[in-house]
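In: Curious how this folds, go ahead:
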Amino acid sequence: MKKLLTLALAVFLLTLVPDVDAQINRKSIKKNNKRISSYRGRKSWFGKEKRYDMIGLSVSALNYYGDLSPKSSRFSTDISFTRPAVGIVYSHRFGPRYAVTGSFMYGAVKGSDNVSADQGDIGNGLYRHQRNLSFRNRIKELSVVASFDLFQNSATYISRANWTPYGFVGVAAFLHNPQALAPETDLNGNPLPEAGQWVDLQPLGTEGQNATLQAGDANLGSKPYKKLQIAIPMGVGARFRLNEILDFSFEIGFRYLFTDYFDDVSKSYVDLGVFGNDELARAMSYRSSEVVTPTFNYTARDGNNYSVVPGYGHEFPGNIRGNSDDRDIFMVTTLKITYILGKSFHKAKFR
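Out: You can find the predicted model right below:
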């Protein structure tokens, strides 16, 4: 009898287990429902859950548009002179569509009349070939841009769009230093100590910026240009979500410059005598005799005689070295990968 009572009690207790489990499950479901009902991820587009920081690396291709482009068109460039740039970026997202990005970029641009000019183009191409100027410019740029996404983040970084086009605009400060290869000889045929070397053009004042010009000179009043300049970056891009914490972006942008001396070319030729005893400045200002036989002789202001190609290398109305009406531009095509800071696969999985 005692054994029968013990067995009956055990069976009764086993029948209570499902009820206990059911009560626990009901409490858990009720708790989760309460949590879900109080979720406010979409309530504020400027909410904390939509804000996060990113850091990344970029690789870019730079193309130059200016006085030493193949054609006089504002958007003419020589693709063969595409040069690389690398950079680092830091972004802060303020909401479902808006972000601000600070970046540092180091790269170079290049241009050359001798390589790019079409000699068969009687007029523009022939003029540029005979001008025979060239340069390279290594730049260091700090920029801050604001971007606007076409497709918004629906809530947190986890639920951001798989891809979105965006536009951006901002401001940049950059250091630049146009250089050119020095010729073997000066204009008198004497060997130059700097022959074959890259020389800085800004200190030379190749358009008479360091000289005392006379009233009526085309470049009267020109001052040395600054190596620190301001630019306006703007463009479009597309960003692709690689996983919970990595994005890949492709951008095409332009830098609109506030200087026309990015290539050290802007205004007119000056009388070769204004350079005094600076044979290097004289040789870098006028280079047509390196590709065309000079046929015009004149006595310069320093009392010396110079032989030049007609239309180049001396002060005369219409002897244009560059076009000061159009500021220089360079294009930046960028591939970028960014990492969302403070996040991880673990947090993304169990959030």
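In: need the helices for the stretch 201-350 of the chain, in chain order.
Out: For the stretch 201-350 of the chain, the helices defined by DSSP state H, counting those that start in this stretch occupy 279-285, 345-350.
In: looking at those, which one has the lowest mean pLDDT?
Out: When the helices of the stretch 201-350 of the chain are compared on mean pLDDT, helix 345-350 scores lowest, with a mean of 42.
In: secondary structure element for the closest residue to Ala173 other than its chain neighbours?
Out: Counting by Cβ to Cβ, 6 or more residues apart in numbering, Leu142 is the residue found nearest to Ala173 once chain neighbours are left out, at 5.4 Å. All C-beta atoms are positioned from the backbone trio N, CA, C, and that covers glycine. Using DSSP states H and E, Leu142 maps to strand 134-149.
In: helices or strands next to that strand in the packing?
Out: Packing contacts for strand 134-149, counted by 3 or more Cβ pairs under 8 Å, 6 or more residues apart in numbering; DSSP states H and E, involve strand 98-112, helix 113-116, strand 163-175, strand 178-181, strand 228-241.
In: Can you list the strands that it pairs with?
Out: strand 98-112 (antiparallel), strand 163-175 (antiparallel), strand 178-181 (antiparallel) (DSSP bridges).
In: thinking again about what came up before, for the residue nearest to Ala173, give me the pLDDT.
Out: For Leu142, the predicted pLDDT is 98.
In: That one: how many residues sit nearby?
Out: 13 (other Cβ atoms under 10 Å).
In: what sits against the residue lying closest to Asn114 once chain neighbours are set aside?
Out: Counting by Cβ to Cβ, 6+ apart, Asn132 is the residue found nearest to Asn114 once chain neighbours are left out, at 5.6 Å. Counting by Cβ atoms under 8 Å, 6 or more residues apart in numbering, Asn132 touches Asp113, Asn114, Arg287, Ser288, Glu290, Val291, Val292.
In: quick one: the strand holding Leu142 to chain centroid distance?
Out: Centroid separation between strand 134-149 and its chain, computed with Cα atoms, centre = their mean, to the nearest Å, is 3 Å.
In: Just want the angle from it to strand 228-241.
Out: Here the directions of strand 134-149 and strand 228-241 differ by 50 degrees (axes from the mean of the first three to the mean of the last three Cα atoms, to 10 degrees).
In: what about Gly170, neighbour count?
Out: Gly170: 18 neighbours (other Cβ under 10 Å).
In: quick one: contacts for the residue lying closest to it once chain neighbours are set aside?
Out: What sits nearest to Gly170 in space, not counting adjacent residues and going by Cβ to Cβ, 6+ apart, is Val145, at 3.0 Å. Residues in contact with Val145 (Cβ under 8 Å, 6+ apart) are Val100, Thr101, Ser103, Phe168, Val169, Gly170, Val171, Pro233.
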